[in-house]
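Peer 1: dropping the sequence and predicted coords here.
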Amino acid sequence: MVRKPIKSFIILPLLIILTTATTGAVYAQNAEKIKLKHGSHREGKRTDAIMQKWRGNGLGQFIHWGLYAIPGGEWNGKQYNGAAEWIRSWNEMPKPAYDSLIYKFNPVNFNADQWAAIAKDMGARYVTITTKHHDGFCLWPSKYTSYTVANSPWKKDIMKPLVDAYDKAGIDVILYFSIMDWNHPGWRYDIKTRADSIAFEGFKKFTRNQLIELLTMYPKAKGLWFDGTWDKSWIKQAKFADELEAEMRKLRPGLIIGSRFRADEYGKRHFDSNNVLMGDYEQGWERKLPNTIADVHGNDWDCVMTIPENQWGYNKAWKGHIKTSTELIEMTAKAVSLGGNFVLNFGPKGDGSIRDQEKRLALEIGDWMKVNNEAIYNCGYSGLEKQDWGYSTKKTGIDKIYMVVFNIPVSGAYRVKLPAKTAIAKSYLLADQNQVLKVEEVHTNEYFVYANAANQRKPFVIVLETKKKERSGENNYDKAKT
Ligand code: FHN
């Protein structure tokens with residue numbers, strides 16, 4: 001047999017493909033891991049009981065409270081359009097005027113047990129409380145600065161009664177701490193001169209002391225929620241921050257720290273230069289939610305959300321769209337369906353009371369949670385394809401899927417696609433388990449669940465108890481040619 005010569009027009013592209021493939025592979029290997037001294041120290045989720053508890057919380061509360069609650073976004077009769085807790089940075093508010101608000105801090109209506117009761121009634125399983133926001137004012141009597149509650153007319157510690165009250169109510173406490181501190185003379189946005197560097201070294205010691213102080217004074221707190229870590233000065237402290245994190249974790253094993261605390265030695269935040277999450281959960285979901293499970297990269301995460309637009313501290317005006325309880329419940333269900341927690345912010349007033357609108361929303365959410373919390377607590381991603389009626393969640397380790405319905409189909413038929421070899425054993429309404437629902441398999445592993453929603457005025461939950469399917473159950477329609 002005569003062999004045909006291999007033509008060059010075949011060889012050349014082949015060579016190019018091979019070379020590209022090989023260099024590509026070498027590149028991929030090199031790109032695989034950069035040696036990092038101060039990158040992430042773990043890949044994948046934490047598996048310990050403390051983190052499992054956090055992961056199953058579903059719903060949390062955020063509290064922003066400090067001196068900024070006194071002006072409530074208003075100075076000299078003028079409303080400030082930015083976030084109320086940032087008013088000190090507003091040009092028209094003189095810094096000394098803001099700083100002297102400490103002499104007005106006297107929250108006579110503050111009642112820690114009432115705050116905890118509101119959170120409990122709402123169904124929150126954890127709370128994140130601002131121990132110190134960017135203004136530097138400390139809600140605990142820190143011995144490292146005079147800018148604390150101890151030197152206000154109130155005089156007493158705020159954190160201790162809060163930690164105790166929430167803990168008594170069965171709500172885990174996380175301490176919010178802003179690294180950026182506008183009150184400390186050593187704080188810098190960047191370090192450009194030797195003088196900056198000396199000042200910032202002092203600030204670092206102060207920060208470390210305050211954090212150790214907080215962890216020592218409030219041993220019941222389960223974690224730290226860091227903020228104000230985006231400035232260049234802090235980003236440059238990879239070694240210091242890494243060592244401080246290790247020190248805190250040693251002091252308090254099991255401590256939960258999110259991805260905002262530190263940067264790696266290349267200045268990468270949240271995710272290190274190898275794209276691995278820094279810390280125990282992703283803290284980037286602020287006032288936004290992921291849309292698909294791919295967006296969360298297999299990590300733990302929580303979403304922190306305001307009720308009005310970007311207002312965290314108390315704002316008298318509360319302009320713009322105010323979210324309804326249905327919107328907030330939907331966000332909670334969406335977060336849980338994508339494996340995260342939803343944390344709703346409250347901004348108590350300067351006198352320590354909580355505004356009526358917040359109390360009302362908390363009650364409405366709580367009413368819903370009382371009936372439907374089974375679909376939220378200890379639940380996560382169901383693995384099911386997203387459908388138009390809402391979000392599905394799944395209880396860990398149990399064959400139950402919860403369909404949290406926000407959009408009612410006019411047909412009354414709720415489409416569900418289950419994984420192969422899974423069938424629905426039983427379906428019913430979570431609010432009324434006697435209402436067993438009709439289920440029809442419409443394609444292989446694809447079902448219609450029929451529910452009469454004529455009387456539903458709020459989102460509701462359909463439960464699917466699932467079981468293994470013996471046969472694949474294919475029907476002829478699936479095989480039709482087109
Ligand atoms: O600047 C702060 C803001 O005031 C608020 O505390 C939020 C809460 O997540 N964190 C910062 C912005 O990311």
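Peer 2: Yep, it's here.

Peer 1: what is the neighbour count of the closest residue to the ligand within the stretch 351-482 of the chain?
Peer 2: Using CB to the nearest ligand atom, residue 358 is the residue of the stretch 351-482 of the chain that sits closest to the ligand, at 16.1 Å. Glycine gets a C-beta too; all of them are placed from N, C-alpha and C. Other residues within reach of residue 358, judged by other CB atoms under 10 Å, total 20.

Peer 1: now it, what's its secondary structure?
Peer 2: helix (DSSP: H, G, I helix; E, B strand; the rest coil).

Peer 1: can you give me the helices for the stretch 251-400 of the chain?
Peer 2: Taking DSSP state H, counting those that start in this stretch as the test, the helices found in the stretch 251-400 of the chain are 325-337, 356-372.

Peer 1: could you identify which of those is most buried?
Peer 2: Using mean count of other CB atoms under 10 Å, the stretch among those with the greatest mean number of neighbours is helix 325-337 (a mean of 23).

Peer 1: what angle do that one and helix 356-372 make?
Peer 2: Computed with axes from the mean of the first three to the mean of the last three CA atoms, to 10 degrees, the direction of helix 325-337 lies at 50 degrees from that of helix 356-372.

Peer 1: so which residues on the stretch 201-350 of the chain come close to the ligand?
Peer 2: For the stretch 201-350 of the chain, the residues in contact with the ligand (CB under 6 Å from any ligand atom) are 227, 286, 304, 312.

Peer 1: can you flag the buried ones in the residues you listed?
Peer 2: Among those, the ones that count as buried by 16 or more other CB atoms under 10 Å are 227, 304, 312.

Peer 1: mind checking which of those land in strands?
Peer 2: Members of these lying in strands (criterion: DSSP state E): 227, 304.

Peer 1: could I get the buried residue list for whichever helix or strand residue 242 is part of?
Peer 2: Assigned by DSSP states H and E, residue 242 belongs to helix 238-251. Using 16+ other CB under 10 Å as the burial criterion, the residues of helix 238-251 that qualify are 238, 240, 241, 242, 244, 245, 248.

Peer 1: output the residues you listed in a markdown table; the columns should cover pLDDT.
Peer 2: Putting the buried residues of helix 238-251 into a markdown table (pLDDT from 0 to 100) gives the following:
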| residue | pLDDT |
| --- | --- |
| 238 | 98 |
| 240 | 98 |
| 241 | 98 |
| 242 | 98 |
| 244 | 98 |
| 245 | 98 |
| 248 | 98 |
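
Peer 1: list just the nearest of those residues to the ligand.
Peer 2: Of all the buried residues of helix 238-251, the ligand sits closest to residue 241, with 17.7 Å by CB to the nearest ligand atom.

Peer 1: what's the closest non-adjacent residue to that closest one?
Peer 2: Taking CB to CB, 6 or more residues apart in numbering, and ignoring the residues beside it in sequence, residue 241 has residue 262 as its nearest neighbour in space, at 3.5 Å.

Peer 1: and for the residue nearest to residue 384 when sequence neighbours are not counted, the neighbour number?
Peer 2: Take residue 384 and drop its neighbours on the chain: the residue closest to it by CB to CB, 6+ apart is residue 392, 4.9 Å away. Here the number of neighbours of residue 392 (other CB under 10 Å) works out to 26.

Peer 1: could you do residue 118 as well?
Peer 2: As a burial measure, residue 118 scores 20 neighbours (other CB under 10 Å).

Peer 1: so it, which of the three states?
Peer 2: The assignment at residue 118 comes out as helix when based on three-state DSSP.

Peer 1: which residues touch it?
Peer 2: Residues in contact with residue 118 (CB atoms under 8 Å, 6 or more residues apart in numbering) are 346, 354, 358, 359, 362.

Peer 1: distance of the third one relative to residue 254?
Peer 2: Residue 358 sits 31 Å away from residue 254, going by CB to CB, to the nearest Å.

Peer 1: picking up where we left off before, thought the residue nearest to residue 241 was touching residue 239?
Peer 2: No: in terms of CB atoms under 8 Å, residue 262 does not count as a neighbour of residue 239; the distance is 9.6 Å.

Peer 1: next, show the common contact partners of the two.
Peer 2: Taking CB under 8 Å, 6+ apart as the contact criterion, the common neighbours of residue 262 and residue 239 are residue 38.

Peer 1: now the closest residue to the ligand within the stretch 51-200 of the chain, what's its secondary structure?
Peer 2: When you check the stretch 51-200 of the chain against the ligand by CB to the nearest ligand atom, the closest residue turns out to be residue 85, at 4.7 Å. When the structure is reduced to helix, strand and coil (three-state DSSP), residue 85 reads as helix.

Peer 1: just give the nearest non-adjacent residue to it, would you?
Peer 2: For residue 85, ignoring the flanking residues on the chain, the nearest one in space by CB to CB, 6+ apart is residue 313 at 3.3 Å.

Peer 1: circling back: contacts only, for the residue nearest to residue 241.
Peer 2: Contacts for residue 262 were tallied using CB under 8 Å, 6+ apart; they are 38, 229, 237, 238, 241, 242, 245, 269, 278, 279.

Peer 1: residue 237 against residue 204, yeah?
Peer 2: Yes: between residue 237 and residue 204 there is a contact under CB under 8 Å: 6.7 Å.

Peer 1: of these two, who's got more company?
Peer 2: Neighbour totals were compared for residue 237 and residue 204, and residue 237 leads with 21 against 17 (other CB under 10 Å).

Peer 1: so for stretch 169-187, mean pLDDT?
Peer 2: Taken as a whole, stretch 169-187 has an average pLDDT of 98.

Peer 1: just stretch 221-228 next, same as before
Peer 2: Averaging pLDDT residue by residue across stretch 221-228 gives 98.

Peer 1: so what's the gap between it and the chain middle?
Peer 2: Counting by CA atoms, centre = their mean, to the nearest Å, stretch 221-228 is centred 12 Å from the centre of its parent chain.

Peer 1: output it as PDB, nothing but the C-alphas.
Peer 2: Written as PDB, here are the backbone C-alpha positions of stretch 221-228 (Å, rounded to 0.1, in the frame of the first residue of the first chain):
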ATOM      1  CA  ALA A 221     -19.700  36.700  71.000                       C
ATOM      2  CA  LYS A 222     -19.300  34.100  68.200                       C
ATOM      3  CA  GLY A 223     -17.500  36.200  65.600                       C
ATOM      4  CA  LEU A 224     -16.200  39.500  64.300                       C
ATOM      5  CA  TRP A 225     -17.600  41.400  61.300                       C
ATOM      6  CA  PHE A 226     -15.000  43.700  59.900                       C
ATOM      7  CA  ASP A 227     -15.600  46.900  58.000                       C
ATOM      8  CA  GLY A 228     -13.600  49.900  56.800                       C
END
